[in-house]
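Student: I'd like to go over a predicted model; first the sequence, then the structure.
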Amino acid sequence: MFQRKDGLYQEKIYMPSGKPKYFYGKTERIVLQKLADWKGEQEVRKNISFETAADEWDNIHTEEIAYNTAQSYIAPLKDAKEYFKNKPVKDITEDDIKAFLRKLAANKLAKQTVKLRLIVVKQVLDYCKPKYISLNPALGVKLPPKLKVTKRVPPPKKALEAVKLHYDRMFGLFAFTLLYTGLRRGEALALRWKDIDFENKQVIIEKQVIFKGTKSIISDILKSEASYRTLFLPKYLIDVLLKYKGKDNNYIFNIDGKVLNASNLRTLWENYKKLIGFEITAHQLRHAYATMLYLAGVGIKEAQRLLGHATVKMTMDIYTEIEEELKEYSLDKLDVFLLKSTTPITTPEEQIFFDIN
């Protein structure tokens, strides 16, 4: 300890990270008391509970990520806090985390549901480094085997035909746009007419609408960096949009010029489904767009860019699902054909089928 030119006493220590920390006071006794208080606080902090650390992480992390992502973490974080409770983070082991996942699996939760809880635990414990723990015990943990996989349900073919035909119905343009762009609903709701470059047939995606209670907020924080993208629009869509083009600053999908809120969207979508006579979701239309990319021979990396996926694995998973769906569809067609083949072969196509088998 030494006395500075301004008369204050100063003591310097080094943190585990190597950074210096300073304590000041008018007397040596005051400085020593501050140092002792700080050390005592650090001892308490070394025993910080998972629940307390999770709350700290949540307060910081929520401000850094997209609203919808933060919302998706609420239930996983709650489950993790209920399981680990007041257990000090320094005492949590890899086996403890595996036991947590096995409990989730025993409750028949889907693979994606369990995966999200592991992600949250990993992030909370990562936040604790190096202040409370030196290593993250969750890093080597894998998901339990044989978890239930919830498959995406592809949209019915007749429903897609109805979407294509009825863009002129109330809110039909919204569904039509989703089908031919693959946009997430929040991305589509944030579009203004000026965002569409009709001459070059493209649109830049850099905003989304998020719902907070009864309010709609235009946010420039998207799901991931990959969500910021430029889409080239098919002429078919451009031609339809031109029929309804409004003033540049107007939202394409609005009520009295204002962006839709959650209640507006729900009401309009329910009424639209009644008008076309089919159940369909916005996400199914995004899936249908991915299917069109697959059938058009668009490669994985380009499809990833167009869909705004954070990783190529997400796109590969969807392409794999589409491939399986098309196999099942082909088998269904084969079953129908074989049933018909009990009658005498009368067409060249039928003759070829049996010749090659």
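Tutor: Nice, I can see it.

Student: per-domain residue ranges of this structure.
Tutor: 2-44, 50-127, 157-307 (automatic domain parsing).

Student: For Val203, grab phi and psi.
Tutor: phi -140, psi 140 (degrees, to the nearest 10).

Student: Look up how far Leu222 lies from it.
Tutor: 14 Å (C-beta to C-beta, to the nearest Å). The way it works is simple: take the backbone N, C-alpha and C, and place the C-beta from them, glycine included.

Student: go on, Arg29?
Tutor: Applying C-beta to C-beta, the value for Arg29 to Leu222 is 55 Å.

Student: Compare the two (neighbour count), which wins?
Tutor: Leu222 (22 against 10; other C-beta atoms under 10 Å).

Student: Which helix or strand contains the more buried one?
Tutor: Under the criterion DSSP states H and E, no helix or strand holds Leu222.

Student: Are we agreed that Lys12 is in a strand?
Tutor: Yes. With DSSP: H, G, I helix; E, B strand; the rest coil as the criterion, Lys12 is part of a strand.

Student: Confirm for me that it is in contact with Tyr22.
Tutor: Yes. Between Lys12 and Tyr22 there is a contact under C-beta atoms under 8 Å: 5.4 Å.

Student: What ranges in the stretch 151-300 of the chain fall below the confidence cut-off?
Tutor: Within the stretch 151-300 of the chain, no stretch has pLDDT under 70.

Student: And the helices in it?
Tutor: Under the criterion DSSP state H, counting those that start in this stretch, the stretch 151-300 of the chain contains helices at 157-165, 172-181, 185-189, 235-244, 262-276, 282-295, 300-307.

Student: Which neighbouring elements make contact with the fifth one?
Tutor: With contacts defined as 3 or more C-beta pairs under 8 Å, 6 or more residues apart in numbering; DSSP states H and E, the packing partners of helix 262-276 are helix 157-165, helix 172-181.

Student: in it, what's buried?
Tutor: Across helix 262-276, burial judged by 16 or more other C-beta atoms under 10 Å covers Asn264, Leu265, Leu268, Trp269, Tyr272, Lys273, Ile276.

Student: Kindly report the same for the last one.
Tutor: Residues of helix 300-307 classed as buried by neighbour count (16+ other C-beta under 10 Å): Ile300, Ala303, Gln304, Arg305, Leu306, Leu307.

Student: Of these, which is the nearest to Asp239?
Tutor: Leu306 (20.2 Å; C-beta to C-beta).

Student: quick one: contacts for the closest one?
Tutor: Gly182, Arg229, Leu231, Leu293, Val298 (C-beta atoms under 8 Å, 6 or more residues apart in numbering).

Student: how about the last one, what does it touch?
Tutor: Residues in contact with Val298, defined by C-beta under 8 Å, 6+ apart, are Leu306.

Student: where's it relative to Leu306, distance?
Tutor: On the measure of C-beta to C-beta, Val298 and Leu306 end up 7 Å apart.

Student: Mind checking the helices of the stretch 151-300 of the chain for the one nearest to Ile218?
Tutor: Among these, helix 185-189 sits nearest to Ile218 (C-beta to C-beta), with 9.0 Å.

Student: Pull the distance from that closest one to the chain's centre.
Tutor: Chain-centre distance of helix 185-189: 14 Å, with C-alpha atoms, centre = their mean, to the nearest Å.

Student: what packs against it?
Tutor: Applying 3+ C-beta pairs under 8 Å, 6+ apart, one finds that helix 185-189 makes contact with helix 172-181, strand 208-212.

Student: which residue packs closest to Thr62, ignoring adjacent ones?
Tutor: Nearest non-adjacent residue to Thr62, counting by C-beta to C-beta, 6 or more residues apart in numbering: Ala70, 4.7 Å away.

Student: Within the helices and strands, which one has that neighbour?
Tutor: Going by DSSP H and E, Ala70 is part of helix 67-72.

Student: Buried residues of the helix or strand following that helix, list them for me.
Tutor: Next along the chain after helix 67-72, taking DSSP H and E as the criterion, comes helix 74-84. Residues of helix 74-84 classed as buried: Pro76, Leu77, Asp79, Ala80, Lys81, Tyr83, Phe84 (neighbour count, 16+ other C-beta under 10 Å).
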